[in-house]
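Enquirer: show me how the following folds:
(2 chains)
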Number of protein chains: 2
Amino acid sequence: MSSNGTSFLEKVLSIVKDERSEEVPLIRFVHPKELEAKLDLDVTEGVNDKQLEERVNEILHYSVKTHKTTFRNQLFCAPDPYGLAGAWITEAFNTSQYTFEVAPAFTLIELKILDHVLKLFGIPNGDGIFAPGGSIAIMYGIVAARFKKFPEIKSKGMKSLPEMVIFTSEDSHYSITKAAHWLGFGTDQVRRIPVNSKGQMIIQKLDESIRNDLDMGRCPIFVNGMAGTTVLGSIDDIEAVADVCQKYGIWMHVDACWGGSLMMSPKYRTKLKGIERANSISWNPHKMMGAPFQCSMILIDEKGLLHKANSAAANYLFQQDKFYDVSYDTGDKSVQCGRKIDAFKLWVMWKARGDLGLGQLADRTMATAEFCLKTVANRPGFKLVSDELQCPNICFWYIPKFMRDKEQDKQWWECMHKVTPKIKELLVLSSRLMVSYTPLRLHKNFFRIAFQFHPAVDEPHIIDMLRAIEESGETITMCMLENTP
Amino acid sequence: MSSNGTSFLEKVLSIVKDERSEEVPLIRFVHPKELEAKLDLDVTEGVNDKQLEERVNEILHYSVKTHKTTFRNQLFCAPDPYGLAGAWITEAFNTSQYTFEVAPAFTLIELKILDHVLKLFGIPNGDGIFAPGGSIAIMYGIVAARFKKFPEIKSKGMKSLPEMVIFTSEDSHYSITKAAHWLGFGTDQVRRIPVNSKGQMIIQKLDESIRNDLDMGRCPIFVNGMAGTTVLGSIDDIEAVADVCQKYGIWMHVDACWGGSLMMSPKYRTKLKGIERANSISWNPHKMMGAPFQCSMILIDEKGLLHKANSAAANYLFQQDKFYDVSYDTGDKSVQCGRKIDAFKLWVMWKARGDLGLGQLADRTMATAEFCLKTVANRPGFKLVSDELQCPNICFWYIPKFMRDKEQDKQWWECMHKVTPKIKELLVLSSRLMVSYTPLRLHKNFFRIAFQFHPAVDEPHIIDMLRAIEESGETITMCMLENTP
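Expert: Numbering: from 1, shown residues only, chains lettered A, B, ... in the order given. Next up, the predicted model:
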């Protein structure tokens, strides 16, 4: 049996430090069933602190070190150390973001950060709330749009309302599909509008699609413009999306979960021009900006709407006869009851760095991405999927030497489709680099490297990444050729 | 401007320690607008580490010390120190629970804990997932029930389906109302079944209500039985609820967000008898069990259903051509994309204490609650709302001396309705105790003290709490009498 745990808690800093040292590899990959056999995960019997420390160390030994510069596998990466400090304090102060009485300072912090962000995005008179991730954030947007158009939805449900339709870019995130299912629209009611070669929604197609649904007597309820698609990092022509929404009187959402962090930079925020005309915006500072996972918010251009749409006035929690100003009990805006304090870690980061500091990190991120883009464009064997830098995503194939002088026919591309995951496999097994790959529309499997406000990624790191891909590409080629009869 | 933040991060332990010392009061209450004026929350300009530390200390100075035994305001309280250690590690290892590749050990831990919990709840062949709170957890249950009955919901939406109805106890949590709105049922389609004096759903009323909806041609889709209501802690007759669900072939959910932790105790788990017949169960270890906020899960009795209901097969994330067994990429079961690792902190607690240790904490919690119940029952001036201990909730009024010999008529109760919040106010302002109060059905405002697996709460603490209420009750009486002309 165990002690009371307090002394174990004090060991955490050193455990974390050990596992974050320079020498520790990015990943020690072991296949699932083998890893299961290696770890002692059963919880039936309690263990003492020493044994617990050993077990925890084993678990961390096999965990991915996402703080390393070679972790390029997702849109999130290393947490900002200030953000991490904020997250640890939040955990220690264990409370919920719903009433002023249990979270007085944290409530003011959420309001303050939202206020600052609303101004930054150009909707100073709006409202917002932190949500557990971008998928829930976009659901808030859809729920608000639907309620605004048909307030009776809250009591009557979808059955009595007209057939409602959601419009989004073909390259947008799958969360909108899940939202359409959960919220009762059905995925058939999602129109995925084709994109151009840069991954941007074709505005004319959006217009046609809306007109078509109107002609069929359906009700277009929500248009989702993208400020940073997941793969290519594409940013729609937001002004043009806004014009279409205005023309037909449809709620305009901008999914800025990824690209919203560019708003920090006076230089790059022009890429999102028109976002101030959105009715709702989702943004994940836990992605590009490096807030600890997870940190996500929904912004709405109308004060009070979130509350009207979502409130249930539970009288055990939101008593109206409290002794303080209960307008500071903000929890009834939320679909959650208990809600984690996700605002504080963001506040600590922001307070430490200021608008200027964060803007510099954004500029640096884009400069790093630009360097990567140019290097990939000019490096033999690399082929860009798109040569335009919108968000800091670089997408490319690595073409092994034996494929370079061949005709790029169907068979060649099938081979490329298999080569990319093989390179990734070797990169992981050798712990050199974790990088994302994916197919997209007609494109066969390619790599995506995305950059975040990671202070440590510089030009030599990028060269190292590309070299790792090259070397793995040639190694797997040899293996493949040897295995060919 | 700031340093790189790493040295600030190392200060967190001491900041947290200072704010958790014995001498620090539970709360230093300041009204919202005054607190706003006291704190420097603006983030426009960055500050150096020393200034940041000062600002953070100010914020924590005015934050509630939820780890104190006198924090009885919510169903959560002090985090388990082992759980907190797990939470800090989770934050430092910043990753998402969706694919094995970015969370290898954490994926196995979630699977292991779910497996252990499913066995504990008597549905060993089921499935589950961690969710950001009980409100989202119950939504998972409703979505699963709806999909099981009408798989076409996913593509077609609610409009083409029959009118579906949800049944729940009158005393159940408001999250089911919010879920009915979000998921497109509409709150009119929620039947709130009356409860008996102990707060338990009247089974005959449930049966009648279902029959009535069937007669009207509607489709009963979901029955929610309670294992621990928010206020009284009532546990429905779960066997009887299961019988009704079986009779009509309706999905049975048990909201065990609060009471589920009693399953840890061989002695008390019999209170939840019949829960093994549920199709879905929601449970929040962050409540009674003291896991750091938030830690919540949904359990489903059918393997594969969560995946079928929620999957969208995004090919940038859930590639099927990965080099490892992709059945360990569990994220497509989720409505979230990125998802916090909430399983690890629970695992650390459980590994440290084992089934036996957690069972002992559950027994101790109930013994404490029983002592509190008996003391309140016998103490002059206190009046219990219900004298049966179901979950460790004790609900009561404190009757100030001047009211004790009066007739308990309408006016008397109106006075009591005002007295309770006034006592609470004084308790908070004097930092002696934070305790919840609420009205319930016909009952006027009363106090609720709930107990958790908090190692430090003992009998003297309970006497102190009741004394604090008494003394505040008499002090406010004096003020009220003085102010009466």
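Enquirer: residues contacting the residue nearest to A:Leu262 when sequence neighbours are not counted?
Expert: Spatial nearest neighbour of A:Leu262, chain neighbours left out: A:Tyr268 (4.4 Å); criterion: C-beta to C-beta, 6 or more residues apart in numbering or on different chains. No exception for glycine: its C-beta is placed from N, CA and C like everyone else's. The contact partners of A:Tyr268, taken as C-beta atoms under 8 Å, 6 or more residues apart in numbering or on different chains, are A:262, A:362-363, A:366.
Enquirer: likewise for A:Tyr62?
Expert: Remark: with contacts taken as C-beta under 8 Å, 6+ apart, A:Tyr62 is in contact with A:28, A:30, A:35, A:38-39, B:104-105.
Enquirer: before we move on, what about A:Asn224?
Expert: Contacts of A:Asn224 (C-beta under 8 Å, 6+ apart): A:138, A:166-169, A:172, A:176, A:253-255.
Enquirer: rerun at 7 Å
Expert: By C-beta atoms under 7 Å, 6 or more residues apart in numbering or on different chains, the contact list for A:Asn224 reads A:167-168, A:172, A:176, A:253, A:255.
Enquirer: got it, and A:Ala103?
Expert: Contact analysis of A:Ala103 by C-beta under 7 Å, 6+ apart lists A:95-97, A:341.
Enquirer: run through chain A and note the low-pLDDT ranges.
Expert: Across chain A, the ranges flagged by pLDDT under 70 are A:1-3, A:483-485.
Enquirer: tell me who's in contact with the most centrally placed residue in it.
Expert: For chain A, the residue nearest the mean C-alpha position is A:Lys287 (4.8 Å; C-alpha atoms, centre = their mean). Counting by C-beta under 7 Å, 6+ apart, A:Lys287 touches A:75-76, A:257-258, A:261, A:452.
Enquirer: ok, now A:Ile238?
Expert: A:225, A:227, A:254, A:272-275.
Enquirer: neighbour-wise, which one of the residues you listed leads?
Expert: The residue in the contacts of A:Ile238 with the most neighbours, by other C-beta atoms under 10 Å in any protein chain shown, is A:Gly225 (34 neighbours).
Enquirer: what ranges does the stretch 1-150 of chain A have for its strands?
Expert: Applying DSSP state E, counting those that start in this stretch to the stretch 1-150 of chain A gives strands spanning A:71-72, A:127-131.
Enquirer: now do the first one: which elements does it pack against?
Expert: For strand A:71-72, the contact count by 3 or more C-beta pairs under 7 Å, 6 or more residues apart in numbering or on different chains; DSSP states H and E identifies strand A:434-440 as packing neighbours.
Enquirer: give me the residues contacting the strand it packs on.
Expert: Strand A:434-440 is contacted by residues A:26-27, A:64, A:70-74, A:231, A:420-421, A:424, A:427-428, A:445-449, B:315-316, B:319 when judged by C-beta under 7 Å, 6+ apart.
Enquirer: would you confirm that A:Val102 contacts B:Arg72?
Expert: No: at 11.4 Å, A:Val102 does not count as touching B:Arg72 under the criterion of C-beta atoms under 7 Å.
Enquirer: do a quick rundown of the helices in the stretch 51-200 of chain A.
Expert: Secondary structure of the stretch 51-200 of chain A by DSSP state H, counting those that start in this stretch: the helices cover A:81-92, A:104-120, A:134-149, A:153-156, A:175-182.
Enquirer: give me the angle between the longest one and helix A:81-92.
Expert: With axes from the mean of the first three to the mean of the last three C-alpha atoms, to 10 degrees as the criterion, the two stretches helix A:104-120 and helix A:81-92 enclose an angle of 140 degrees.
Enquirer: how far out from the middle of the chain is helix A:104-120?
Expert: Centre-to-centre, helix A:104-120 and its host chain are 21 Å apart (C-alpha atoms, centre = their mean, to the nearest Å).
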